[in-house]
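S.K.: For reference, the sequence and a predicted model appear below.
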Amino acid sequence: MSNTGIIIIGAGQAGAMTAAQLRQLGETGRITLIGDEAHVPYERPPLSKDMLLQPAQTRCAIHPDDFYQQHDITLRLGVAVAEIDLQARTVTLADGEALPYTRLVLATGASARRLPMLDALGAGVHTLRTLDDAAALQGVLQAGRRLILVGAGVIGLELASTAVDLGLRVAVVESAELPMMRATPRLLAEFLCATHRERGVALYMRSSVVAAARTATGLALTLSDGTCLEGDAVVYGIGVVPNTGLAQAAGLAVDNGILTDAQCRTSHPDVYAVGDVAACQAAPGLPPVRRETWENANWQAELAARDILGLPLAQNIVPWYWTDQCGLNIQLAGDMSADRWIVRGALGAGPCLLLGLSGAELVAAITVNQGREMRGAKELIARRACIEPAVLADTQQSLRNLSRALPA
Ligand SMILES: Cc1cc2nc3c(=O)[nH]c(=O)nc-3n(C[C@H](O)[C@H](O)[C@H](O)COP(=O)(O)OP(=O)(O)OC[C@H]3O[C@@H](n4cnc5c(N)ncnc54)[C@H](O)[C@@H]3O)c2cc1C
């Protein structure tokens, strides 16, 4: 595929990594990376953490600023793609310019799901998805202020932790029974709930916002049980919506994400989709899965680049992500719907490891301040290893050694 023009729409994690992978793997033709944000491609994980805690010391660019020039990648920033013409093989920018392509990669990511009732309040209401959102929050998160967070998913909890560290008084409102229930087993969700409460966060579970108003002294939210909370600012994080509009208008197959096969190929042979926007069907008959993680964006970037270049595919990976909150580095890998969990160590008492079994097979692992065990855990999960629960629970056994001891 040399000497062809590859266009990548979306200059976020997946887009920037696709461009880099294409060059690294030998693509010599033109590569154009188009992003509607004005910033050089940046990583989002620091936005809820270090970018708020220590902005001056935090750098979140994905590549050094001169990387794109050095690798002959044309970066078009601050301009959206308005239309794709699959027949003509062109994309049209919002300023009317049309660019031809031979292969197209859609890396348009996702946007914060909106809550019109809160948006209607105007100033003081925030979401967190972009660097500009984080910059706006830096001015809001001042010691002594009252912050209401709506949604106790990963971003809501990370923000709660960050805001407490910065000296704010924090309330969290969540409709589910426990925080982070969508992405973690119950025992971890209970532990996180208790940990945030110990740090002074007021957690309102099984609650939703039924009314919102501006008062003389702040923003007032009325909850479903009648509780009235007042804050100086509200940040809500109630999930994301994949940015599929362009793909849908072009006629690509879309269903809560741009549908792809295991190699990130969409319903059109010239077009790929990667990252948060891609709903990947790993094998025929399996439901499409959309993953919203940093690692998935990097992984799919490599898959798409390899497929475009006709190179063999990299080995499958065990899905993994991390979150940092309350001084804890929590890493999660595999299938969080495991039937039962073995706890190595004790949650809340130093480093701890949770191992999830389905039947006799190891299918998931969670490390709490014990990231060095994650590599071995992933190897065991990839092989769906069957290991005695007593051995898994034994703190003297390194998972890496258990993995090495398995028959080849
Ligand atoms: C605050 C925050 C914290 C996070 N923390 C973690 C973490 O700790 N661990 C973890 O694993 N993951 C974390 N994530 C998730 C991770 O950052 C995402 O999964 C990852 O950024 C997805 O990359 P992407 O390139 O698919 O999408 P994005 O990063 O959203 O990039 C898509 C880009 O495409 C642009 N775009 C969209 N439409 C167009 C168009 N028509 N024309 C041009 N450009 C367009 C968008 O504006 C955006 O810049 C976090 C996310 C957030 C928001």
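M.R.: That came through fine.

S.K.: Next to the ligand in this structure, residues from this protein, please.
M.R.: With C-beta under 6 Å from any ligand atom as the criterion, the chain meets the ligand at residues 9-15, 34-37, 44-45, 47-48, 80-81, 107-110, 128-129, 155, 243, 246, 275-277, 292-295, 297, 321-323. From N, CA and C alone the C-beta is placed, and that goes for glycine too.

S.K.: moving C-terminal of the helix or strand encompassing L357, what's the next helix or strand?
M.R.: Taking DSSP states H and E as the definition, L357 sits inside strand 352-358. Following strand 352-358 in sequence order, the next helix or strand is strand 361-368 (DSSP H and E).

S.K.: continuing past that following strand, what's the next helix or strand?
M.R.: Beyond strand 361-368 toward the C-terminal end (DSSP H and E), the next one is helix 374-382.

S.K.: From the contact counts, what lies against that following helix?
M.R.: Where contact means 3 or more C-beta pairs under 8 Å, 6 or more residues apart in numbering; DSSP states H and E, helix 374-382 is packed against strand 328-334, strand 361-368, helix 399-404.

S.K.: Give the buried residues for that helix.
M.R.: By neighbour count on 16 or more other C-beta atoms under 10 Å, the buried set for helix 374-382 is M374, G376, A377, K378, E379, L380, I381, A382.

S.K.: Let me know whether the last one touches V318 as I believe.
M.R.: Yep, that's A382 we're talking about. Yes - using C-beta atoms under 8 Å, A382 is in contact with V318, at 5.3 Å.

S.K.: Spatially nearest residue to I366, not counting backbone neighbours?
M.R.: Among residues not flanking I366 along the chain, L354 sits closest, at 4.1 Å (C-beta to C-beta, 6 or more residues apart in numbering).

S.K.: Model confidence for the one you found, exactly?
M.R.: For L354, the model assigns a pLDDT of 97.

S.K.: what's across from it in the sheet?
M.R.: Counting by DSSP bridges, L354 forms beta bridges with V343, I366.

S.K.: what's it in contact with, if anything?
M.R.: By C-beta atoms under 8 Å, 6 or more residues apart in numbering, L354 lies in contact with P185, L187, L188, W341, I342, V343, R344, L347, A364, A365, I366, V368.

S.K.: And for V209?
M.R.: V209 touches L115, M117, L118, V150, V173, L221, T222, L223, S224, counting by C-beta under 8 Å, 6+ apart.

S.K.: now, among the residues you listed, which is nearest to the ligand?
M.R.: Nearest to the ligand among these, counting by C-beta to the nearest ligand atom, is V150 at 15.1 Å.

S.K.: residue contacts, that closest one?
M.R.: With C-beta under 8 Å, 6+ apart, V150 has these contacts: 115, 118, 156, 172-174, 209, 221, 234-238.

S.K.: any idea how far the residue of the stretch 251-400 of the chain found nearest the ligand is from E292?
M.R.: Of all residues in the stretch 251-400 of the chain, G275 sits closest to the ligand, at 2.2 Å by C-beta to the nearest ligand atom. Plainly put, G275 is 9 Å away from E292 if you go by C-beta to C-beta, to the nearest Å.
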